[in-house]
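Engineer: this one's structure only:
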């Protein structure tokens, strides 16, 4: 009985951290719009760099996604103008993508206009909006809960090298950082 409990907990832990996306598979094509009304095609337009993409397709997931903004900004986006000896800067594309699917599609423009006015200017280049269907992303990325955000580390060729989901925790942030460092060190 003890062995079954340990095995079950291990499987749940593994599933929680990395089994949601098909690690090694290519991130599905997604056309998204920036807050400056330019279109970006993921993963095609990642410019040969590693990328971190956060997706949310419900209001609650978007609220949780906002909890990741500052830690991800500090870790992957901010470039210290006066770096010290031990400062390390990542050269990683970072995108936060609210997904407007189904009945939420009509709210797309209204929410985009609101965010243009309210979101921190430093984050605006990193916010993309997707409007369309959800089915192909749920299947390709193994979404199983609509009320949480999903995060994917994508290599320069568009392959998923790591995924996680849920509310921000320091442990998850460290796992993402470790995945990016590990993947970049293999190049």
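Structural biologist: All right, it came through fine. What you are looking at is a predicted structure, and each value in this text was computed from that prediction instead of being measured.
Engineer: Okay, helices next: where are they in the protein?
Structural biologist: Applying DSSP state H to the chain gives helices spanning 2-18, 59-72, 108-118, 135-141, 170-185.
Engineer: what packs against the last one?
Structural biologist: When contacts are defined as 3 or more C-beta pairs under 8 Å, 6 or more residues apart in numbering; DSSP states H and E, helix 170-185 sits against strand 50-56, strand 150-154, strand 160-165. C-beta here means a position set from N, CA and C on the backbone, and glycine is covered the same way.
Engineer: Before we move on, what's the pLDDT of the residue positioned nearest the centre of the chain?
Structural biologist: For the chain, the residue sitting closest to the mean C-alpha position, by C-alpha atoms, centre = their mean, is residue 54 at 1.8 Å. pLDDT, residue 54: 96.
Engineer: Likewise for residue 115?
Structural biologist: For residue 115, the predicted pLDDT is 86.
Engineer: ok, now residue 80?
Structural biologist: On pLDDT, residue 80 comes in at 76.
Engineer: Look at residue 104 and report its pLDDT.
Structural biologist: pLDDT, residue 104: 84.
Engineer: Show me the beta-bridge partners of the residue nearest to residue 172 when sequence neighbours are not counted.
Structural biologist: Residue nearest to residue 172 in three dimensions, not counting chain neighbours: residue 164, with 5.3 Å by C-beta to C-beta, 6 or more residues apart in numbering. For residue 164, the beta-bridge partners are residue 151 (DSSP bridges).
Engineer: what's the neighbour count on residue 164?
Structural biologist: Neighbour count of residue 164, defined by other C-beta atoms under 10 Å: 23.
Engineer: Does it touch residue 149 like I think?
Structural biologist: No. Contact criterion C-beta atoms under 8 Å: residue 164 and residue 149 do not qualify, at 9.5 Å.
Engineer: List the buried residues of stretch 167-174.
Structural biologist: Using 16 or more other C-beta atoms under 10 Å as the test for burial, stretch 167-174 gives 168, 172, 173.
Engineer: so how far is it off the chain centroid?
Structural biologist: Centre-to-centre, stretch 167-174 and its host chain are 13 Å apart (C-alpha atoms, centre = their mean, to the nearest Å).
Engineer: Return the distance of stretch 166-178 from the chain's centre.
Structural biologist: 11 Å.
Engineer: Ok, stretch 134-142 next?
Structural biologist: Counting by C-alpha atoms, centre = their mean, stretch 134-142 comes out at 14 Å from the chain centroid.
Engineer: Low-confidence regions, the protein specifically.
Structural biologist: Counting by pLDDT under 70, the chain shows low-confidence ranges at 1-21, 83-88, 187.
Engineer: one step back: residue 99 is nearest to which of the helices of the chain?
Structural biologist: Residue 99 lies closest, by C-beta to C-beta, to one member of those: helix 135-141, at 7.4 Å.
Engineer: that older thread, how much space is there between the residue nearest to the centre of the chain and residue 115?
Structural biologist: In this view, residue 54 and residue 115 are 15 Å apart by C-beta to C-beta, to the nearest Å.
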